[in-house]
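Asker: fold the following.
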Amino acid sequence: MKIAIIGQQDFGKAVMEAFLNRGDEVAAVFCAPEKEGARPDALRVAAQEKGLQLYQFKSLRDPEATKAMQDTGADIGIMAYVLQFAPQEFVNIPKHGTIQYHPSLLPKYRGPSSINWPIIKGEVETGLTIFRPSDGLDEGPVVLQKTTPLSPDDTLGSVYFDRLFPMGVAALLEAADLVLAGKHQELVQDESQASYEGWCRAAEAKIDWTKPVDHVYNLIRGCSPAPGAWTTLNGKKIQILEARKILFRRFADVPAKIGEVTGVTAQSFKVVAQGGLIEVLKAKHEDGKKASGGEVAQASGIQAGTLLGG
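Answerer: Next comes the predicted model:
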């Protein structure tokens, strides 16, 4: 098939290469322009290395973007990690329209941080959706879905890199084949089941030690490796990247007040949350590098009795 890739970064690159590797023709690649000082976009670099037609429009609403898509003569458009708004007059140009990847089970978790939030909220399952892009954010008809369980110890990194990334590449290939063969279905999303979540950034990743220990633990998992759940010590951030939770069974198990460090070892340190302890296994002080909890504690002066988050 003849395709147009609209995407960015490593996921866009992997999708492009998957189509090329099986013999499909990439008529053009549409990639958002890099911001000044940002690292080179992996999709842009790969497209140039392969000598493909590359476009980097500031906006896909630009009439020149519409003309460029018309010139591709593409059978189908493939949206693989797209942060730019793609209007209907652009995505409807390919002969069989366009399909888009979203890393959640739509209509749940619409929005830009759809991998983080299911983990943060303690879901036991997530997945991916291939859908028809509409002018609403993640609201178009569903073409294909794949599910994956969320274990109690999964992190953003494990869910995305181990599962949703490779599953997403394969799902876009499968969905494109179904669409071109006329064997796909398009299911309208059930708005009664819909939810939208905004960005999970530094403000959302701040740890509140007064919250239940499950909430704190899920926040750490859902923000690891990025944006990194964090607390403060003497006004400076400490990111907590890997942890373990320990539940209190009796009142007598509560060793100290909320947010207080109860002990430090060479490998870790423990902090009191509501209903349990968070044992910090990997962390990063804003002035240092990622290291074991024990190393960060030693370098930062954290000891039993230290109060975090104040």
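
Asker: bridging residues for Gln100?
Answerer: Gln100 forms beta bridges with Met79, Phe131, as assigned by DSSP bridges.

Asker: can you show me the helices along the stretch 151-300 of the chain?
Answerer: Along the stretch 151-300 of the chain, the segments classed as helices by DSSP state H, counting those that start in this stretch run 156-159, 165-181, 213-222, 293-300.

Asker: nearest to Leu241, out of those helices?
Answerer: Nearest to Leu241 among the helices of the stretch 151-300 of the chain is helix 213-222; the distance by Cβ to Cβ comes to 7.6 Å. All C-beta spots, glycine's among them, are computed from the backbone N, C-alpha and C.

Asker: just the CA trace of the closest one, in CSV.
Answerer: Only the C-alpha atoms of helix 213-222 are listed here, as CSV (Å, rounded to 0.1, in the frame of the first residue of the first chain):
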residue,chain,number,x,y,z
VAL,A,213,-0.3,4.8,50.6
ASP,A,214,-1.9,3.1,47.5
HIS,A,215,-2.5,6.5,46.0
VAL,A,216,1.1,7.6,46.6
TYR,A,217,2.5,4.3,45.3
ASN,A,218,0.3,4.5,42.1
LEU,A,219,1.4,8.1,41.5
ILE,A,220,5.1,7.0,41.7
ARG,A,221,4.5,4.1,39.3
GLY,A,222,2.4,6.2,36.8
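
Asker: elements contacting it?
Answerer: Using 3 or more Cβ pairs under 8 Å, 6 or more residues apart in numbering; DSSP states H and E as the contact criterion, the neighbours of helix 213-222 among helices and strands are helix 116-120, strand 229-233, strand 236-247, strand 276-285.

Asker: what average pLDDT does the longest one get?
Answerer: To tie it back to what came earlier, the one meant is strand 236-247. Confidence over strand 236-247, taken as the mean pLDDT, stands at 98.

Asker: tilt between that strand and helix 293-300?
Answerer: For the pair strand 236-247 and helix 293-300, the angle between their directions (axes from the mean of the first three to the mean of the last three Cα atoms, to 10 degrees) equals 140 degrees.

Asker: in TSV: the helices of the stretch 151-300 of the chain, plus mean neighbour count.
Answerer: Conversion of these to TSV gives the following (neighbours: other Cβ atoms under 10 Å):
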stretch	mean neighbour count
helix 156-159	20
helix 165-181	18
helix 213-222	23
helix 293-300	21
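
Asker: go through those helices and name the closest to Gln56.
Answerer: Distances from Gln56 to each of the helices of the stretch 151-300 of the chain were compared by Cβ to Cβ, and the smallest falls on helix 165-181, at 21.4 Å.

Asker: residue most distant from the centroid, this protein?
Answerer: With distances taken as Cα atoms, centre = their mean, the residue sitting farthest from the centre of the chain turns out to be Ala252, at 39.9 Å.

Asker: just to revisit the earlier point, looking at the helices and strands packed on helix 213-222, which is buried most?
Answerer: Between the helices and strands packed on helix 213-222, the one whose residues have the most neighbours on average, counting mean count of other Cβ atoms under 10 Å, is helix 116-120 (a mean of 24).

Asker: render the CA-only coordinates of that helix in PDB, please.
Answerer: Extracted in PDB, the C-alpha atoms of helix 116-120 (Å, rounded to 0.1, in the frame of the first residue of the first chain):
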ATOM      1  CA  ASN A 116       0.100   7.700  33.000                       C
ATOM      2  CA  TRP A 117      -3.500   8.100  34.400                       C
ATOM      3  CA  PRO A 118      -4.700   4.500  34.300                       C
ATOM      4  CA  ILE A 119      -1.700   3.500  36.400                       C
ATOM      5  CA  ILE A 120      -2.100   6.500  38.800                       C
END
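
Asker: what is the mean pLDDT for that helix?
Answerer: 98.

Asker: how far out from the middle of the chain is that helix?
Answerer: Computed by Cα atoms, centre = their mean, to the nearest Å, the chain-centroid distance of helix 116-120 equals 9 Å.

Asker: and if you look at stretch 187-204?
Answerer: Shown here is stretch 187-204, whose average C-alpha point lies 13 Å from the average C-alpha point of the whole chain (Cα atoms, centre = their mean).

Asker: do the same with stretch 228-248
Answerer: When distances are taken as Cα atoms, centre = their mean, stretch 228-248 is centred 21 Å away from the chain's centroid.

Asker: what's the first-to-last distance across that stretch?
Answerer: Counting by Cα to Cα, to the nearest Å, you get 25 Å between the two ends of stretch 228-248.

Asker: count of neighbours near Thr148?
Answerer: Taking other Cβ atoms under 10 Å as the criterion, the count of residues near Thr148 is 16.

Asker: and the gap between the spatially closest residue to it that is not a sequence neighbour and Thr155?
Answerer: If the residues on either side of it in the chain are set aside, Thr148 comes closest to Arg163, at 4.8 Å by Cβ to Cβ, 6 or more residues apart in numbering. To Thr155, Arg163 is 12 Å away according to Cβ to Cβ, to the nearest Å.

Asker: with that, I have no additional questions.
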